[in-house]
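[1] structure for this input, please:
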Amino acid sequence: MATPGTVFQPDTLAGRRALVTGGSRGIGAEIVTTLASIGAEVRIASNDAEGMERVVRQVKEAGGTASAVFVDLADRSAVADLAAANTDLDILVNNAAPDQKPIPFSATPDEVWDLHYTLNVFTPVSLIRTIAPAMAERGGGSVVCTSSISTHTPAPAIAPYASSKAAMETIIRVLAMEFGPRNVRCNAVAPSMTPTERIAGMLANPDFRARAVSRVPLGRLCEPSDTAAAVAWLCSDAAPFVNGQVIVVDGGATAGLFMPMPTSS
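    Numbers count the residues shown, from 1 in each chain. Next up is the predicted model:
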């Protein structure tokens, strides 16, 4: 399996400035390192100072350019300030999301709903509202949001997560129509279950992991690098006519009801 750094040219995003929210770990960190590896100057926004420091160091050791902005992305005033300070961007990646612990619908408290809709809807909206018009004034740009296949095939006990991601996807489609005429492309990526520290506990159960893998026609789980490559493509000149789309990165898991058939004896 090729890594993103081997399928893009080192200068694919040279001279472009990117902001990645939630880029301190997992998929977000992989997006940061991938964009930086192909020439982008990447800014990370997160409240995880240690994680951002680690990712920035990794980027710089590889010869890239990255910086960290400590911010509480659930604080609307702080997010507004972040947006105002980043009106020179070519790329905006809204990746930050709260940890999702499965909770039955009837037991989900209001604060969990509030947090998911804040980070998955209102924070991206606030950033895009300021940054996308600035991109348009500067000639164009690319906005990408990280969604999830949970919007297409939701599971029990994740209603706040799945529904807020679905709202994000609808907003992206609307934005694609509003900002497309101004050369700002708005898209999303929707990865399937990805082995990051957020779900390490679940995947530590061998039966659960085996069931998860069995539902993917390609026979493995999505890796952070798979999603990062899709984001890099959307941000590059290789996707100039891709707008208003949700790129599903799931190895075929949502293509249909995949059930490996028994071999004939």
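[2] which parts of this protein are helices?
    Remark: helices assigned in the chain by DSSP state H are 4-7, 26-37, 49-61, 76-84, 110-117, 123-137, 159-179, 200-203, 206-214, 224-235.
[3] which pLDDT value belongs to E41?
    For E41, the model assigns a pLDDT of 99.
[4] for it, which non-adjacent residue is closest in space?
    The shortest distance from E41 to any non-neighbouring residue, by CB to CB, 6 or more residues apart in numbering, is to T65 (4.5 Å). Bear in mind the C-beta positions are built from the backbone N, C-alpha and C, glycine included.
[5] list the contacts for the residue most central in space within the chain?
    For the chain, the residue nearest the mean C-alpha position is T146 (2.7 Å; CA atoms, centre = their mean). Contacts for T146 (CB atoms under 8 Å, 6 or more residues apart in numbering) come out as 27-28, 31, 93-95, 97, 188-189, 191, 227, 231.
[6] ditto for V93
    Neighbour list for V93: 18-21, 23, 28, 31, 35, 143-146, 231, 235 [criterion: CB under 8 Å, 6+ apart].
[7] and it, bridged to which residues?
    On the basis of DSSP bridges, V93 is bridged to V20, V144.
[8] so it versus S46, what's the distance?
    The spacing between V93 and S46, counted by CB to CB, to the nearest Å, is 12 Å.
[9] now do the shared contacts for those two.
    If you check V93 and S46 against CB under 8 Å, 6+ apart, the residues they both contact are 21, 23, 28.
[10] turn those residues into CSV, columns for neighbour count, distance to L257 and pLDDT.
    Shown next, in CSV, are the shared contacts of V93 and S46 (neighbours: other CB atoms under 10 Å; distance: CB to CB, whole Å; pLDDT from 0 to 100):
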residue, neighbour count, distance to L257, pLDDT
T21, 28, 35, 99
G23, 32, 35, 98
G28, 30, 31, 98
